[in-house]
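Peer 1: can't give you the sequence, but here's the structure:
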């Protein structure tokens with residue numbers, strides 16, 4: 001039960017310790033599913049894929065020109081053309097009717113099947129077709145020249161993708177070349193997003209005095225989607241043990257539960273009580289700024305995050321604490337944000353003993369402070385990225401070079 005009084009966080013753990021404790025409680029999902037190839041970008045292959053056919057499935061012309069026996073062109077030159085007999089024309093999507101014999105050629109389009117007997121293609125610029133059906137060849141070709149052999153790109157039986165490979169446009173293209181319409185991938189972690197607070201109302205609802213719109217549901221969902229998870233928004237829970245317990249019980253059907261709000265120290269911040277009653281509170285309170293009143297627990301094997309309600313605190317902690325475990329569960333590689341090194345455009349004073357997540361804008365090649373307050377979403381929405389100031393550093397001087405991690 002709640003103690004019905006303020007409960008200040010008197011002891012915190014370091015950001016590194018918090019990350020380690022979370023990592024210890026996280027395991028990659030073993031659940032898999034089959035998805036359509038056109039919906040598979042960013043998904044992780046769960047079963048190796050072997051080619052069941054050659055790509056290309058036939059030898060094809062790499063140039064517009066004439067399919068020939070290379071030996072028939074030896075010695076050809078501008079003033080010593082070799083003359084061959086045209087026997088047919090083959091366009092893409094057609095199949096040659098005739099095999100090539102000595103002294104013969106087939107006019108052929110780029111990508112069309114090379115006729116049997118031919119072993120090279122003379123590019124059209126080195127030929128001249130006469131009205132009588134003969135073709136003069138003004139340059140020699142060697143066997144295989146301008147011909148893409150069958151299976152040159154992918155051989156039947158070849159392993160095309162391994163389990164753990166992340167699908168991207170080019171890999172999707174390779175599977176499309178094999179005619180694969182569906183792929184087996186690891187399931188995306190389903191993450192229940194549970195906003196809490198009597199003051200929080202849904203978007204689309206008239207805003208009455210004393211209430212605010214739910215920001216965190218949307219920012220957290222966006223972060224989750226970017227990192228391979230499937231957000232599952234839940235109805236907002238009120239600040240009561242009974243309602244929070246009911247909401248949490250329903251949310252435990254998902255792979256992860258993500259509270260926003262209710263993790264601080266006020267009389268109505270009851271997440272600590274609810275998680276403690278139903279499972280284990282692994283930690284409550286991290287030496288970070290913003291985002292100190294963050295909770296992590298485990299209930300029946302399900303990780304439960306209690307994020308601060310302030311939008312900037314919630315979102316910054318999502319980057320620092322949530323992204324890595326979500327990607328682990330999704331079998332995605334570790335995330336490394338793009339970073340550039342810039343001089344700080346203004347002296348920044350940090351809080352000694354707390355790891356600071358500090359948003360910045362890039363102005364004239366300098367990192368300028370953008371952080372306003374933990375409750376101000378524009379601290380992040382008007383920033384280009386952020387810097388991290390370690391707990392043992394209290395001042396970053398103007399002009400000092402620092403890594404800016406870009407959003």
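Peer 2: Looks like it came in fine. On a predicted model such as this, the values are computed, not experimentally measured, just so you know.
Peer 1: can you pull out the helices in this structure?
Peer 2: Assigned by DSSP state H, the chain shows helices spanning 15-25, 169-177, 216-226, 241-251, 271-278, 311-317, 323-329, 378-381.
Peer 1: Would you format those helices as a markdown table with mean neighbour count, mean pLDDT and distance to residue 37 included?
Peer 2: In short, each C-beta sits where N, CA and C put it, glycine included. Formatted as a markdown table, the helices of the chain follow (neighbours: other Cβ atoms under 10 Å; pLDDT from 0 to 100; distance: least, Cβ to Cβ, whole Å):
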| stretch | mean neighbour count | mean pLDDT | distance to residue 37 |
| --- | --- | --- | --- |
| helix 15-25 | 15 | 97 | 32 |
| helix 169-177 | 14 | 98 | 6 |
| helix 216-226 | 19 | 96 | 20 |
| helix 241-251 | 17 | 94 | 32 |
| helix 271-278 | 22 | 93 | 40 |
| helix 311-317 | 27 | 91 | 33 |
| helix 323-329 | 21 | 98 | 22 |
| helix 378-381 | 18 | 88 | 35 |
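Peer 1: where does this protein dip in pLDDT?
Peer 2: 1-8, 264-268 (pLDDT under 70).
Peer 1: Give me the residue at the spatial middle of it.
Peer 2: residue 42 (4.8 Å; Cα atoms, centre = their mean).
Peer 1: quick one on the thing from earlier: which among the helices of the chain is found nearest to residue 203?
Peer 2: Closest to residue 203 of the helices of the chain, according to Cβ to Cβ: helix 216-226, at 7.8 Å.
Peer 1: so who does the residue lying closest to residue 297 once chain neighbours are set aside touch?
Peer 2: Nearest residue to residue 297 in three dimensions, chain neighbours excluded: residue 275, at 4.2 Å (Cβ to Cβ, 6 or more residues apart in numbering). Going by Cβ atoms under 8 Å, 6 or more residues apart in numbering, residue 275 touches 248, 281, 295, 297, 299, 304, 306.
Peer 1: what about residue 275, distance to residue 299?
Peer 2: Per Cβ to Cβ, to the nearest Å, residue 275 is found 7 Å from residue 299.
Peer 1: Residue most distant from the centroid, this protein?
Peer 2: Distance-from-mean max, the chain, by Cα atoms, centre = their mean: residue 132 at 59.7 Å.
Peer 1: Give me the distance between it and residue 72.
Peer 2: Counting by Cβ to Cβ, the gap from residue 132 to residue 72 is 18 Å.
Peer 1: Could you do residue 188 as well?
Peer 2: Residue 188 is 58 Å from residue 72, by Cβ to Cβ.
Peer 1: Which one's more surrounded, the two?
Peer 2: residue 188 (26 against 23; other Cβ atoms under 10 Å).
Peer 1: so that one makes contact with residue 231?
Peer 2: No: assessed by Cβ atoms under 8 Å, residue 188 is found out of contact with residue 231, at 9.8 Å.
Peer 1: How about residue 328: what's its closest non-neighbour residue?
Peer 2: Closest to residue 328 by Cβ to Cβ, 6+ apart is residue 26, at 5.2 Å.
Peer 1: Which residues are in contact with the one you found?
Peer 2: So residue 26 contacts 303, 325, 328-329 (Cβ under 8 Å, 6+ apart).
Peer 1: Export these to JSON lines and append columns for distance to residue 67.
Peer 2: Below are the contacts of residue 26 laid out as JSON lines (distance: Cβ to Cβ, whole Å):
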{"residue": "303", "distance to residue 67": "62"}
{"residue": "325", "distance to residue 67": "58"}
{"residue": "328", "distance to residue 67": "54"}
{"residue": "329", "distance to residue 67": "54"}
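Peer 1: now, the most widely separated pair of the residues you listed?
Peer 2: The two members of these with the most space between them (Cβ to Cβ) are 303 and 328, at 10.7 Å.
Peer 1: Around the nearest residue to residue 36 once chain neighbours are set aside, count how many other residues there are.
Peer 2: Leaving out its chain neighbours, the residue that sits closest to residue 36 by Cβ to Cβ, 6+ apart is residue 182, at 5.8 Å. For residue 182, the count of nearby residues is 12 (other Cβ under 10 Å).
Peer 1: Give me the distance between residue 182 and residue 138.
Peer 2: Residue 182 is 50 Å from residue 138, by Cβ to Cβ.
Peer 1: quick one, strands of the stretch 201-350 of the chain?
Peer 2: 212-213, 230-233, 256-260, 280-284, 288-289, 295-299, 302-307, 339-343, 348-349 (DSSP state E, counting those that start in this stretch).
Peer 1: Taking helix 271-278 as reference, get the angle to the longest one.
Peer 2: Note on geometry: by axes from the mean of the first three to the mean of the last three Cα atoms, to 10 degrees, strand 302-307 and helix 271-278 are set 170 degrees apart in direction.
Peer 1: So which elements touch strand 302-307?
Peer 2: On a contact count with 3 or more Cβ pairs under 8 Å, 6 or more residues apart in numbering; DSSP states H and E, strand 302-307 meets strand 256-260, helix 271-278, strand 295-299, helix 311-317.
Peer 1: No more questions from me, cheers.
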